[in-house]
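Colleague: dropping a prediction and its sequence here:
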Amino acid sequence: MPYLKAVIKETLRLHPPIPILVPQESTKDVQVMGYDIAAETLVITNAWTIGRDPVSWDEPEEFKLERFLNNSADFREHNFELIPFGAGRRACPSIQFAAVVNELAVANLVHEFDFALSDGVEFNASEAPGFSVRKMFPLLVIASPHTC
Ligand code: HEM
């Protein structure tokens, strides 16, 4: 289970499904991490860039699930470097549910099938731009029933 959770965290770090979070407006003058934000400022948070910030992440462009194996970083706590579900009062109310459903889906798929790339297909994780992320190039894989 720790391995599966780490795979999902690392995937959501590199590929947050909503890369630019829902815009929010500040209700009063505030200071956040030394930045002054005036009342009624439209605040747009780039979760995609935060997830790849070299200040927070070692080798940020690399898929390294090990970074989450001995690390308690969680989507719900104050780990503001990992915010695929947003953070604070307007964060996704479904964090817990979505995380479990993701784990269930991935666990069942890898339990039941072996996956291989189709002949001549190279894995490419590029994303197409948009409000929600989708793959730039479809991933064609051959799924065969897992035998053991
Ligand atoms: C992997 C799956 C999901 C991801 C990555 C995700 C991500 C997000 C993000 C980034 C936001 C905006 C947070 C912000 O701007 O600060 C959001 C809001 C929201 N999400 Fe999700 N979500 C997921 C699944 C779901 C599911 C399954 C539901 C419902 C069953 C759901 C319901 C909502 C609702 C109602 C809001 C609006 C919350 C508000 O404005 O107060 N999400 N989600």
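Modeller: Okay, I see it.

Colleague: can we go C-alpha only for contacts and neighbour counts from here?
Modeller: OK.

Colleague: specify the local secondary structure of the residue nearest the centre of the chain.
Modeller: For the chain, L12 is the residue whose C-alpha lies nearest the centre (Cα atoms, centre = their mean; 1.6 Å). Per DSSP: H, G, I helix; E, B strand; the rest coil, the secondary structure class of L12 is helix.

Colleague: look at it and report its pLDDT.
Modeller: Here, the pLDDT recorded for L12 equals 95.

Colleague: make sure it is actually in contact with P84.
Modeller: Yes. Using Cα atoms under 8 Å, L12 makes contact with P84 at a distance of 6.1 Å.

Colleague: gap between the residue nearest to the centre of the chain and L82?
Modeller: In this view, L12 and L82 are 8 Å apart by Cα to Cα, to the nearest Å.

Colleague: ok, P16 next?
Modeller: As judged by Cα to Cα, P16 and L82 stand 9 Å apart.

Colleague: need the residues touching each of the two.
Modeller: Shared contacts of P16 and L82, defined by Cα atoms under 8 Å, 6 or more residues apart in numbering, are found at A47.

Colleague: how about the residues of the chain near the ligand?
Modeller: Applying Cα under 6 Å from any ligand atom, one finds that the chain approaches the ligand through 17-18, 21-22, 84-87, 90-94, 98.

Colleague: select only the buried ones of these in ChimeraX?
Modeller: A single ChimeraX command selects the buried members of those (16 or more other Cα atoms under 10 Å):
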select :17,18,21,84,85,86,87,91
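
Colleague: what ranges of the protein fall below the confidence cut-off?
Modeller: Along the chain, segments meeting pLDDT under 70 span 148.

Colleague: please enumerate the helices of it.
Modeller: Residue ranges of the helices in the chain, as given by DSSP state H, are 2-14, 47-51, 95-112.

Colleague: most packed of those?
Modeller: Burial among the helices of the chain, expressed as mean neighbours by mean count of other Cα atoms under 10 Å, is greatest for helix 47-51, which shows a mean of 22.

Colleague: show residues contacting that helix.
Modeller: Here helix 47-51 has contacts from 13-16, 18-21, 57, 60, 81-84, 86, using Cα under 8 Å, 6+ apart.

Colleague: name the nearest of those residues relative to F115.
Modeller: Closest to F115 out of the contacts of helix 47-51 is H15 (20.7 Å), distances taken as Cα to Cα.

Colleague: all set, thanks.
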